[in-house]
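Visitor: Here is the input, now give the coordinates:
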Amino acid sequence: MDCIFKAREHVDNAWLIAEKLGVLATDKNKFISSMLYTSMNHCDAIQVLVQQQNLASSSALLRPLFENTFRAVWLRNCASEEQSLKVMNSKDGWPSPWNAIQLIEAQSDNPKLLSKLWEIMRENMHDFTHGGRELAHRQIGGNIITSNISYSEVFELMKIVVLFSSYVLSQLIELSEDKDAILLLEDLLDNQPF
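Guide: Below is the predicted model of the structure:
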């Protein structure tokens, strides 16, 4: 499954750029950057787990990837100063993933990609994260329990990894205000594997 190795190369290249970025020295920027690095780690882990044919664990990371990324972007682009302080200093105050997506997309002229992805993935992501029937059915291969991963599922997971690692990197670059990194991102996007 060539898509797994193409996604690995993409994530590695995204990391090379991300690890050279500085963070503008405010507590909020540091907090958001840390959240975005966590999302990059989720992308990295999903790819590695799929490569190891561990669909259960890779799928379980989809929801944390989505929610963490949406929260970081909401905090960066939508949260008031009061909301920012609340979420940075307590467990409370975060909008639901759907509300965060709505607020993010209202701030942007970009296509409504995040809401489309959430609508498509939401039901299964909950099941994947909490160990429901979808994961159980995917482990049955005839009369044996096995890693029963279809190519189409692997391909979709790798597309999500590439999309989110690119999106997260773009957010990190905007936070750093590193003009040279924008050119590196453009090159990375021009050479996306799918």
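Visitor: CA atoms for contacts and neighbours, from now on please.
Guide: OK.
Visitor: So residue 40 versus residue 191, what's the distance?
Guide: Applying C-alpha to C-alpha, to the nearest Å, the value for residue 40 to residue 191 is 19 Å.
Visitor: Quick one: residues contacting the residue nearest to residue 24 when sequence neighbours are not counted.
Guide: In space, residue 24 comes closest to residue 176 once its chain neighbours are excluded; the distance is 5.8 Å by C-alpha to C-alpha, 6 or more residues apart in numbering. Taking C-alpha atoms under 8 Å, 6 or more residues apart in numbering, we find residue 176 in contact with 21, 22, 23, 24.
Visitor: Look up how far residue 70 lies from the closest residue in space to the third one that isn't next to it in sequence.
Guide: In space, residue 23 comes closest to residue 176 once its chain neighbours are excluded; the distance is 5.1 Å by C-alpha to C-alpha, 6+ apart. In this view, residue 176 and residue 70 are 19 Å apart by C-alpha to C-alpha.
Visitor: Show me where the chain has its strands.
Guide: 140-141, 144-145 (DSSP state E).
Visitor: of all those, which has the lowest average per-residue confidence?
Guide: The stretch with the lowest mean pLDDT among those is strand 140-141, at a mean of 72.
Visitor: Can you get me the centre-to-centre distance for it and its chain?
Guide: Between the centre of strand 140-141 and the centre of its host chain there is 29 Å, according to C-alpha atoms, centre = their mean, to the nearest Å.
Visitor: what are the pairing partners of that strand, and which direction each?
Guide: Here the strand partners of strand 140-141, with direction, are listed using DSSP bridges: strand 144-145 (antiparallel).
Visitor: Who has more neighbours out of residue 40 and residue 191?
Guide: A count of neighbours by other C-alpha atoms under 10 Å puts residue 40 above the other of residue 40 and residue 191, at 25 against 10.
Visitor: And the nearest residue to that one once chain neighbours are set aside, how far from residue 186?
Guide: Nearest residue to residue 40, sequence neighbours excluded (C-alpha to C-alpha, 6+ apart): residue 165, at 5.8 Å. Distance, residue 165 to residue 186, by C-alpha to C-alpha: 13 Å.
Visitor: Between those two, which has more neighbouring residues?
Guide: Neighbour tally, residue 165 and residue 186, criterion other C-alpha under 10 Å: the higher count belongs to residue 165, 29 against 12.
Visitor: Local confidence estimate at residue 194?
Guide: The predicted structure scores residue 194 at 87 on the pLDDT scale.
Visitor: got it, and residue 30?
Guide: Residue 30 is assigned 94 on the pLDDT scale.
Visitor: try the one 5 residues further on
Guide: You'll see residue 35 listed with a pLDDT of 97.
Visitor: cool, and residue 139?
Guide: In this model, residue 139 is scored at 68, pLDDT.
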